[in-house]
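Enquirer: Let me see the structure of the following:
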Amino acid sequence: MGLQHWKKIWVGSAGNMVEWFDWFVYASFATYFAGAFFPRGNPTAQLMNTAGIFAVGFFMRPVGGWLLGRVGDRRGRKAALTLTVTLMSASAVLIAVAPTYAVAGYGGALVLLVARLLQGLSVGGEYAASATYLTEATDPRRRGFASSFQYVSMTVGQIIGLGLQIVLQRTMSDTALHSYGWRIPFAVGALGAAVVFYLRRNMLESEVYEEDAAHAARAGNPGAAEERGTLRALWRHRREAFLVIALTMGGTVAYYTYTTYLTKYLSNSAGLSKDTATLVSFTALIVFAGLQPLAGALSDRVGRRPLLITFAVGSTVLTVPIMKLLGRAGGYWPALGLSLLALVIVTGYTSINACVKAELFPTSVRALGVALPYALANALFGGTAEYIALWFKNAGIESGFFWYVAGCAAVSLVVYVTMRETKDLDLAGTQAPIGAGESSVTTAS
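Expert: Here you go, the predicted structure:
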């Protein structure tokens, strides 16, 4: 793979890194800035208000998927990627400079709300825009490998956020962090987004999109051009859209369980100290990031379905015993070993899900086709995973959540077994296998 391809991979996936850095630091630093935006007196109420504003971001993700998916299909992948990183930068800047309650009353909370709305829009569009670009702009024989860097960048964003949190906690006093230190990660996020914006302003459009747009222009059909990236056009591919929701269901629940929820589970249920639980997550995420390109490259050889099926079978059968053993992990090494086992299983989904979804749709509706169904599935299943886990725990039946995760994986398993292989599909309009003649054209299923 040449330097130009590596540049496309970096530019296409770097936004995910900044996006997930911002997403992580909002959640992890909320305990420090919650008191800055709401009246003093009830810390729990302050956290609840901050968490409510955080939840708004999840509701905005489908809206962002629709709006930015439409931009990606009508104006190009470059336009969508540039717009997502602009929203990303604006949201980080707003949080970094937001006035406190003492200065502006609830005006600071309003600024925080606007920032989260922008961040939700950005996250909703970034995934699909980058997934589409990485899939289209790469050698067809390396699509799995290239698209795997989407989850590499997402995980690296969390790792950097976690690392920065550890550094600030060890170099600043608790008083300083509550006073002004919590603004530092958002300033870092804004700077990172500005760098990515510069890179994307100079990026090349994907050749697949340019060829499809040129073909549509030569065909002289203004009606077809007007329908690019519309809900009407997506409805004609509703089977593929529902397929995206179903194949995302099990993967996103498992991913959130073993990444964002893992630290809390190890601390609250397994009895590990917060420092040990954080170190387990930090180490496991580093290994997890390194696994993604290996699995993506493997899918370019053996196909997407074998990896997806391996993930779903492993998650269906092993989630309950892994989670129960994690709940009894008495130290760092047992917890790390079990966490890595879980993340190896999840890699079968995370490493290739971006290209699988992009490969299901024709170019004219690919960005929207990935964005909207994925954002809906993530809001319904991924975004609610932690809340459902805590609900089961509060109800005294924590193991119920383990069965819920396994059940979601089982539903996705049915989809993986019945869907067709997408590895060799030609993305340049026909959706036929690469190298096949016109007689080989089939519809995605």
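
Enquirer: switch to C-alpha atoms for all contacts and neighbour counts from now on
Expert: OK.

Enquirer: what residue ranges in this structure score low on pLDDT?
Expert: 1, 41-42, 44-48, 50-51, 54, 219-225, 429-445 (pLDDT under 70).

Enquirer: can you rerun that using 80?
Expert: In the predicted model, the chain carries pLDDT under 80 at residues 1-5, 27-28, 30-31, 38-58, 213, 215-226, 260, 383, 428-445.

Enquirer: Quick check: closest non-adjacent residue to residue 401.
Expert: Excluding the flanking residues, the one nearest residue 401 by CA to CA, 6 or more residues apart in numbering is residue 389, at 5.4 Å.

Enquirer: Now do the SS call for the one you found.
Expert: Using DSSP: H, G, I helix; E, B strand; the rest coil, the structure places residue 389 in helix.

Enquirer: neighbours of it, just the number please.
Expert: By the criterion of other CA atoms under 10 Å, residue 389 has 21 neighbours.

Enquirer: Is it correct that it is in contact with residue 398?
Expert: Yes. Using CA atoms under 8 Å, residue 389 is in contact with residue 398, at 7.1 Å.

Enquirer: Look up which helix or strand residue 371 falls in, please.
Expert: Element membership for residue 371 (DSSP states H and E) is helix 366-377.

Enquirer: List the buried residues for that helix?
Expert: 366, 367, 368, 369, 370, 371, 372, 373, 374, 375, 376, 377 (16 or more other CA atoms under 10 Å).

Enquirer: Next: stretch 275-295.
Expert: By neighbour count on 16+ other CA under 10 Å, the buried set for stretch 275-295 is 276-282, 284-285, 288-289, 291-293, 295.

Enquirer: Just list the residues touching the spatially closest residue to residue 148 that is not a sequence neighbour, thanks.
Expert: Residue nearest to residue 148 in three dimensions, not counting chain neighbours: residue 351, with 4.5 Å by CA to CA, 6+ apart. Counting by CA atoms under 8 Å, 6 or more residues apart in numbering, residue 351 touches 144, 147, 148, 149, 151, 292, 293, 295, 296.

Enquirer: do that again at 6 Å, thanks
Expert: Residue 351 makes contacts with 148, 292, 296, as judged by CA atoms under 6 Å, 6 or more residues apart in numbering.

Enquirer: The last one is in contact with residue 144, isn't it?
Expert: In other words, residue 296. Yes. The criterion here is CA atoms under 6 Å, and residue 296 meets it with residue 144 at 4.4 Å.

Enquirer: Which residue of those two possesses the greater neighbour count?
Expert: residue 144 (32 against 29).

Enquirer: Validate this expectation: the more buried one resides in a helix.
Expert: Yes. With three-state DSSP as the criterion, residue 144 is assigned to a helix.

Enquirer: how close does it get to residue 415?
Expert: Taking CA to CA, to the nearest Å as the measure, residue 144 falls 19 Å from residue 415.

Enquirer: quick one: which helix or strand includes the closest residue to residue 283 other than its chain neighbours?
Expert: With CA to CA, 6+ apart as the criterion, residue 283 has its nearest non-adjacent residue at 7.7 Å, and that residue is residue 336. Using DSSP H and E, the element containing residue 336 is helix 332-350.

Enquirer: Helices of the stretch 101-250 of the chain, start to end?
Expert: Under the criterion DSSP state H, counting those that start in this stretch, the stretch 101-250 of the chain contains helices at 101-104, 107-136, 143-147, 149-171, 174-176, 183-201, 207-219, 222-226, 231-235, 238-258.

Enquirer: In a markdown table: those, plus distance to residue 308.
Expert: Putting the helices of the stretch 101-250 of the chain into a markdown table (distance: least, CA to CA, whole Å) gives the following:
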| stretch | distance to residue 308 |
| --- | --- |
| helix 101-104 | 48 |
| helix 107-136 | 17 |
| helix 143-147 | 12 |
| helix 149-171 | 15 |
| helix 174-176 | 44 |
| helix 183-201 | 31 |
| helix 207-219 | 26 |
| helix 222-226 | 34 |
| helix 231-235 | 24 |
| helix 238-258 | 9 |
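
Enquirer: Quick check: which of the ones you listed is buried the most?
Expert: helix 143-147 (a mean of 30; mean count of other CA atoms under 10 Å).

Enquirer: Who are the packing partners of it?
Expert: Secondary-structure packing of helix 143-147 (3 or more CA pairs under 6 Å, 6 or more residues apart in numbering; DSSP states H and E): helix 107-136, helix 274-302.

Enquirer: ok and the first one relative to helix 366-377, angle-wise?
Expert: Angle of helix 107-136 versus helix 366-377, following axes from the mean of the first three to the mean of the last three CA atoms, to 10 degrees, is 130 degrees.

Enquirer: Just give me how far helix 107-136 sits from the chain centre.
Expert: 11 Å (CA atoms, centre = their mean, to the nearest Å).

Enquirer: what's the answer for stretch 84-99, then?
Expert: When distances are taken as CA atoms, centre = their mean, stretch 84-99 is centred 19 Å away from the chain's centroid.

Enquirer: what's in contact with that stretch?
Expert: Residues outside stretch 84-99 that contact it (CA under 6 Å, 6+ apart) are 108, 112, 115, 118-119, 122, 126, 183, 186-187, 190, 193, 197.

Enquirer: Dump those into CSV; add distance to residue 95 as well.
Expert: Formatted as CSV, the contacts of stretch 84-99 follow (distance: CA to CA, whole Å):
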residue, distance to residue 95
108, 9
112, 6
115, 6
118, 11
119, 11
122, 15
126, 20
183, 7
186, 7
187, 8
190, 10
193, 14
197, 19
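
Enquirer: Check those against residue 250 and report the nearest one.
Expert: residue 126 (21.0 Å; CA to CA).

Enquirer: Contact partners for that closest one?
Expert: Counting by CA under 6 Å, 6+ apart, residue 126 has contacts residue 84.

Enquirer: and if you look at residue 119?
Expert: 88, 91.

Enquirer: Tell me how far it lies from residue 87.
Expert: On the measure of CA to CA, residue 119 and residue 87 end up 7 Å apart.

Enquirer: How about residue 299?
Expert: 33 Å.

Enquirer: buried sites along the helix holding residue 336?
Expert: Buried, per 16+ other CA under 10 Å, within helix 332-350: 335-336, 338-340, 342-350.

Enquirer: Please identify which of residue 299 and residue 87 sits among more neighbours.
Expert: Counted by other CA under 10 Å, residue 299 and residue 87 do not tie: residue 299 has more neighbours, with 24 against 20.

Enquirer: about what we covered before: look up how far residue 97 lies from the residue nearest to residue 283.
Expert: To residue 97, residue 336 is 38 Å away according to CA to CA.

Enquirer: try residue 132
Expert: 33 Å.

Enquirer: try residue 124
Expert: Relative to residue 97, and taking CA to CA, residue 124 is found at 24 Å.
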